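**Q** With the sequence up front, the predicted model follows.
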Amino acid sequence: MLPIYIQKTIIELLCNQEKRRYKSRYTSFDYSWAKHYALVSKHFFKITKDLIAFHSFIDIGYFKKNNPYKELCLITKESIQNINIQFSLISIELVESLNCDFKSLKSINILYYGDAWLGKSVFLLNHLNKLNSKDTVIVNFDLTINCYLQIYEEKRKEFDLSSIDLSFTFNTHRIDLNYGTERSRAYNFLYTLIKGLNPKSIRFQASSDTTHLRLFHSLSKLNHRFEKITLSNDFIPLYAFYRFLQSPNLTSFKFSIQSHFISDLYEKIQENNSNFNFDEMDNHSFDYESKMLAFYPPACFKNNTNEDEHFYCSFDCSRAYDFRIPIYSLSLWKECLELLKNHKTIKNLDIEHMVCGYQCTFQEKNEKTLNQHMVYDLLDALANNQSIKSLKLWLDIQDSHDFLLSLSQNNKTMRFIKINKNEFSRSNKAQ
């Protein structure tokens, strides 16, 4: 008989191999493999049961029926540490069950996938404030929303979001959101959700490059706890870039920007010596009841500049665009570069240009590349940064290979650099 620690190591290796097969967090970790090893011996059974309890996320519906032979079950309420719960199932009765029956609970994953607009139904999350172990149990979110219908319509009528308490006292590390094109309702409730949950990590994925979330500026101001920000297939306004960079704990940042807008700042705007106070200029309040679907360019107000609705080139198949540039934008871009140059915590940076739609400012210029002065300024900021280890840029840089060589020569901190199709690592030469 092999020693217990060797048996445990063997099964752990098999478990890790199985986890690699199921990397997607939207696919439940398959525990069926464990049944074969659990039958080998009592030791294998216990080791396998403990590994399943630690690694697997089990749907709450699995536990609907009571099993009289708990001692023979690999998965039990008492042992499992991670569970999946559908958003619609959250209730005070469910929380009471979690408190009474799930003694080893460490993590809850709230799931939603559908065409309904969650909106004011976020009040259901208040029930999770009554978790007995809310200081140690992590509540994360995987949401896919297409914003068509309203769920819980009858319950919703009984509540006014502005008048109920949404002070969530449970702990959230991660919010993953996949979102579709807005129809008759805005995604404004997401601001309330993120403000209340205060997560460490947000990952937003638009369903297509014609979809745009119009609250990034307001979200970026909720930046005091963000560590990892991943925004895919959508673009953020310049002011959001500024605010996200101010996140004191930020280590990973992936986003897209309308780089044609940044390039045109150098060609259409003269250096403005006005004394803009960007930390006070955007002191606006978010109107989560707004259902406005139109886009407006940001005006330069002293205390309430808001770029939630700002865009430059069109981003869909329509002709909608607005080539007006706020007078403060070039100065704001320069401030962003200073923040990037002196950032102390960010380790991974990934910047892409958002694909333009039907109407684009660069179409009028025969698809010319980005303004060279803009490219030089960006290169200077990145070359002087001393925290970034991995950098990926996908921008319309005229000579991305020269950009890569210059950056790799002037910045010895970066271990991996990818500029468009050109790559560099400290162990390899530029390709």
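**A** Received it, and whenever you're ready, just let me know what you need. This structure is a prediction, so every number in the text was calculated from the model and none was measured.
**Q** After the helix or strand bottoming out on mean pLDDT in the chain, which helix or strand is next? Please name it.
**A** The least trusted helix or strand in the chain, going by mean pLDDT, DSSP states H and E, turns out to be helix 153-156, with a mean of 42. Downstream of helix 153-156, the first helix or strand assigned by DSSP states H and E is strand 174-179.
**Q** Just the helices from the stretch 1-150 of the chain, written as ranges.
**A** For the stretch 1-150 of the chain, the helices defined by DSSP state H, counting those that start in this stretch cover 4-21, 34-38, 42-55, 92-101.
**Q** want to try JSON lines for those, with distance to residue 397 as columns?
**A** Where C-beta positions appear, they are placed from N, C-alpha and C, glycine not excepted. Formatted as JSON lines, the helices of the stretch 1-150 of the chain follow (distance: least, Cβ to Cβ, whole Å):
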{"stretch": "helix 4-21", "distance to residue 397": "36"}
{"stretch": "helix 34-38", "distance to residue 397": "50"}
{"stretch": "helix 42-55", "distance to residue 397": "43"}
{"stretch": "helix 92-101", "distance to residue 397": "52"}
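**Q** okay, those in a markdown table with mean neighbour count, mean pLDDT and distance to residue 179 next?
**A** Shown next, in a markdown table, are these (neighbours: other Cβ atoms under 10 Å; pLDDT from 0 to 100; distance: least, Cβ to Cβ, whole Å):
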| stretch | mean neighbour count | mean pLDDT | distance to residue 179 |
| --- | --- | --- | --- |
| helix 4-21 | 14 | 70 | 28 |
| helix 34-38 | 17 | 68 | 35 |
| helix 42-55 | 18 | 79 | 29 |
| helix 92-101 | 14 | 94 | 26 |
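**Q** wait, which of those is closest to residue 270?
**A** In terms of Cβ to Cβ, the element of the helices of the stretch 1-150 of the chain nearest to residue 270 is helix 4-21, at 55.0 Å.
**Q** tell me the SS of residue 345?
**A** Three-state assignment for residue 345 (DSSP: H, G, I helix; E, B strand; the rest coil): coil.
**Q** Was I right to think it contacts residue 252?
**A** No: taking contacts as Cβ atoms under 8 Å, residue 345 lies outside contact range of residue 252: 9.8 Å.
**Q** Which of these two has more residues huddled nearby?
**A** The neighbour comparison of residue 345 against residue 252 (other Cβ atoms under 10 Å) goes to residue 252, with 17 against 12.
**Q** What residues are bridge-paired with the more buried one?
**A** Residue 252 has these beta-bridge partners by DSSP bridges: residue 228, residue 348.
**Q** before we move on, the earlier item: identify whichever of the helices of the stretch 1-150 of the chain lies nearest to residue 351.
**A** Checking the helices of the stretch 1-150 of the chain against residue 351 by Cβ to Cβ gives helix 4-21 as the closest, at 29.2 Å.
**Q** Can you list the low-confidence ranges for the stretch 101-250 of the chain?
**A** In the predicted model, the stretch 101-250 of the chain carries pLDDT under 70 at residues 116-117, 119-120, 147-165, 182-186.
**Q** mind listing the strands for it?
**A** 107-117, 138-150, 174-179, 201-206, 228-235 (DSSP state E, counting those that start in this stretch).
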